[in-house]
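Student: pasting the sequence and the predicted model now:
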Amino acid sequence: MNTLDLRGLKCPLPVLRTKKALAALESGTQITVLATDSGAPDDFAAFCRHTGHRLLESSQDQDGTFILRIERK
């Protein structure tokens, strides 16, 4: 599984870097994004709604890192 560590980046960089990474993947491939921007859960939910990718997981660990698992359309 692919993991993008985007902790420390602010909007819109996490979504933009994820979009670029997804473009290089085959349909059905999953990617896990680690982010610390407080807007990340909402940003990625909107991103997936608009692009057709599937947001499979949106959670937060005890350190405050958001874990977002996305499947490429």
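Tutor: The structure has been received and is ready for your questions. Numbers count the residues shown, from 1 in each chain.
Student: quick one: what helix or strand has the residue sitting furthest away from the middle of the chain in it?
Tutor: Of all residues in the chain, residue 62 sits farthest from the chain's C-alpha centroid, using CA atoms, centre = their mean; the distance is 18.3 Å. According to DSSP states H and E, residue 62 maps onto no helix or strand at all.
Student: kindly report the same for residue 25.
Tutor: Per DSSP H and E, there is no helix or strand for residue 25.
Student: show me where the chain has strands.
Tutor: For the chain, the strands defined by DSSP state E cover 2-5, 30-35, 54-60, 66-71.
Student: residue contacts, residue 17?
Tutor: 4, 6, 9 (CB atoms under 8 Å, 6 or more residues apart in numbering). Using the backbone N, CA and C atoms, a C-beta is placed for each residue, glycine as well.
Student: roughly how far does it sit from residue 67?
Tutor: Using CB to CB, to the nearest Å, residue 17 is found at 16 Å from residue 67.
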